[in-house]
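A.B. asks: Sequence and predicted structure are below.
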Amino acid sequence: MAVSAKDVMELRRQTDCGMMECKKALTQADGDFAKAIEILREQGLATATKKAGRIAAEGMVYATANDNCAVVVEVNAETDFVAKNDKFVDFTKQLAAVIAEQNPADVEALMGCKMGDGTVDDALKALILVIKENIKVRRFVRYEGHCAAYVHGGGTHGVIVKFDTSDEVAAKPEFAAFGKDIAMQIAAANPTYLNREAVPADVLAKEKEIVLAQMANDPKTANKPDAIKEKMAIGKLGKFYKEACLVDQAFIKDGNIDVNKYVADTAKALGGDIKIVEYTHFVKGEGLEKRSEDFAAEVAAAVKH
């Protein structure tokens, strides 16, 4: 079937693979994106943890944590220039405070929350009038309890993490530093799951299937007995866990230990128990399309060959 430049561009954005490889995979998959990604992974060209749709859009992500809750919020604008505007930045930070204090159920409810002399909706409309660009509150997440937050790149990434620990441990300065380390780990390594138990059975089965396909395509393992391949596949899933699961990832500040070991060592040093309960990682503009004429032209040229 004919493959469009737009489809090749999207698959490349999702996988970071070469344009010709993406074109071939889409052609082989009859345009099915999920199948094309699977083909690229079987060929060893795409990784398990690459998130789909990581397309740049303007605006900012902001994350903050206090003694009893944490919030991460994304606000989008039309241009990068606006994202650096002090009024826009102040609005986003005030919005996080409103979410922390008033705990709205969703974005629609947030619009009706009190902000200044009016509502969030009033403040947003006033900001649009001043800045003269369309501005949209896209999403937010709020956690209650002992939390940490981290903002990277002036608002390109925002992470909040919730921990299960005692008030005594959480009150120590070392815990705050630890919490920031975990949030930075998430921003840097972008895990898909918290731990192995969080990986759905169908995802694990598909990973095993892909590993077996990779071995079938490798001359070194292609002729091995199926029973041996099965054992090797189970062993190779360890690599998937180390990429996809937060607690199994190598700790960014010390590659000799994993995150799970860092958590255990910190808990012991602080004289208590610490468990990572959940986390949220927002990437600015994730899944939102932004026009890029040069990139589109580049892909179109590749499709014609």
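C.D. replies: Perfect, I can see it now.

A.B. asks: From the domain annotation, what segments belong to each domain of this structure?
C.D. replies: Following automatic domain parsing, one gets these domains for the chain: 1-54+289-305, 59-192+276-283.

A.B. asks: out of the ones you listed, nearest to residue 222?
C.D. replies: When these are compared by Cβ to Cβ, domain 1-54+289-305 sits nearest residue 222, at 13.0 Å. Every C-beta, even on glycine, is put in place using the N, C-alpha and C of the backbone.

A.B. asks: is it true that residue 60 lies in a strand?
C.D. replies: Yes: using DSSP: H, G, I helix; E, B strand; the rest coil, the assignment for residue 60 is a strand.

A.B. asks: now the chain, which segments are flagged as low pLDDT?
C.D. replies: For the chain, the stretches with pLDDT under 70 are 1, 45-57, 289-305.

A.B. asks: ok, then the element right after the helix or strand hosting residue 99?
C.D. replies: Residue 99 is part of helix 86-102 when elements are defined by DSSP states H and E. Note on helix 86-102: by DSSP H and E, the next helix or strand toward the C-terminus is helix 107-111.

A.B. asks: List the buried residues for stretch 26-46?
C.D. replies: For stretch 26-46, the neighbour count (16 or more other Cβ atoms under 10 Å) marks 26, 29, 33, 36, 37, 38, 39, 40, 41, 42, 45, 46 as buried.

A.B. asks: what do you get for stretch 109-127?
C.D. replies: 110, 111, 113, 115, 119, 120, 123, 124, 127.

A.B. asks: didn't residue 11 look like it was pressed against residue 33?
C.D. replies: Yes: judged on Cβ atoms under 8 Å, residue 11 makes contact with residue 33 at a distance of 6.5 Å.

A.B. asks: list residues touching both of these two?
C.D. replies: residue 26 (Cβ atoms under 8 Å, 6 or more residues apart in numbering).

A.B. asks: picking up where we left off before, which one of the buried residues of stretch 109-127 is nearest residue 278?
C.D. replies: If you rank those by distance to residue 278 using Cβ to Cβ, residue 110 comes first, at 20.7 Å.

A.B. asks: Now for residue 155: which residues touch it?
C.D. replies: Residue 155 neighbours (Cβ under 8 Å, 6+ apart): 59, 60, 61, 62, 83, 89, 92, 284.

A.B. asks: where exactly do the helices run in the stretch 201-305 of the chain?
C.D. replies: Assigned by DSSP state H, counting those that start in this stretch, the stretch 201-305 of the chain shows helices spanning 201-216, 226-244, 259-270, 293-304.

A.B. asks: Of all those, which one is nearest residue 160?
C.D. replies: Smallest distance to residue 160 across the helices of the stretch 201-305 of the chain (Cβ to Cβ): 16.4 Å, for helix 259-270.

A.B. asks: tell me what the closest one is packed against?
C.D. replies: Packing contacts for helix 259-270, counted by 3 or more Cβ pairs under 8 Å, 6 or more residues apart in numbering; DSSP states H and E, involve helix 173-189, strand 250-251.

A.B. asks: now those in JSON lines, with distance to residue 132 and mean neighbour count?
C.D. replies: Formatted as JSON lines, the helices and strands packed on helix 259-270 follow (distance: least, Cβ to Cβ, whole Å; neighbours: other Cβ atoms under 10 Å):
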{"stretch": "helix 173-189", "distance to residue 132": "32", "mean neighbour count": "19"}
{"stretch": "strand 250-251", "distance to residue 132": "46", "mean neighbour count": "18"}
